[in-house]
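1. Pasting the sequence and the predicted coordinates here, then a few questions.
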Amino acid sequence: MEKERPSAEDFALISDTLKQLCDANRLKIFYLLCHREECVTEIAAQLEMTSPAASHHLRQLRLADLITSRRSGKEVYYRAAGTKQAEYLHKMIEELLDLSCPSR
């Protein structure tokens, strides 16, 4: 049985996910959130960027369904989403890091 041809929407989803790869800061934030939950101020401090810059990247990642958020009092905490595209992007980053940093 022949596999059904992917739709334009399927390719748009893939494209939107891969667009997240074009910014090193966004990749760092996503990678961090794959390993722990953090708030904007902690993300900004750890990656030496401003909170507005971190918020911008978080918004892009959230719109791409790669991260989720939860509110606790005044703080909003972010973590990697449990979606297939988030899982695959995380695996891809780790594989590429192993290729480019074999001594890790």
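-> Right, received. Where do you want to start?
2. Point to the residue nearest the middle of this structure.
-> residue 30 (3.4 Å; CA atoms, centre = their mean).
3. distance of it from residue 18?
-> Per CB to CB, to the nearest Å, residue 30 is found 13 Å from residue 18. Every C-beta, even on glycine, is put in place using the N, C-alpha and C of the backbone.
4. Could I get the buried residue list for the lengthiest helix in the chain?
-> Determined from DSSP state H, the single longest helix within the chain is helix 84-100. Buried residues in helix 84-100, defined by neighbour count with 16 or more other CB atoms under 10 Å: 85, 86, 89, 90, 93.
5. and it, what does it pack onto?
-> Judged by 3 or more CB pairs under 8 Å, 6 or more residues apart in numbering; DSSP states H and E, the packing partners of helix 84-100 are helix 8-19, helix 24-35.
6. Mean confidence (pLDDT) on that helix, please.
-> What helix 84-100 shows for mean pLDDT is 86.
7. Could I get the CA-only coordinates of that helix as CSV?
-> Extracted in CSV, the C-alpha atoms of helix 84-100 (Å, rounded to 0.1, in the frame of the first residue of the first chain):
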residue,chain,number,x,y,z
LYS,A,84,6.8,14.8,18.8
GLN,A,85,8.4,17.8,17.1
ALA,A,86,9.9,19.0,20.4
GLU,A,87,11.3,15.5,21.1
TYR,A,88,12.7,15.2,17.6
LEU,A,89,14.3,18.7,17.7
HIS,A,90,15.9,17.8,21.1
LYS,A,91,17.3,14.6,19.6
MET,A,92,18.6,16.5,16.6
ILE,A,93,20.4,19.1,18.7
GLU,A,94,22.0,16.4,20.8
GLU,A,95,23.2,14.5,17.8
LEU,A,96,24.6,17.6,16.2
LEU,A,97,26.3,18.6,19.4
ASP,A,98,27.9,15.1,19.5
LEU,A,99,29.2,15.6,15.9
SER,A,100,30.5,19.1,16.5
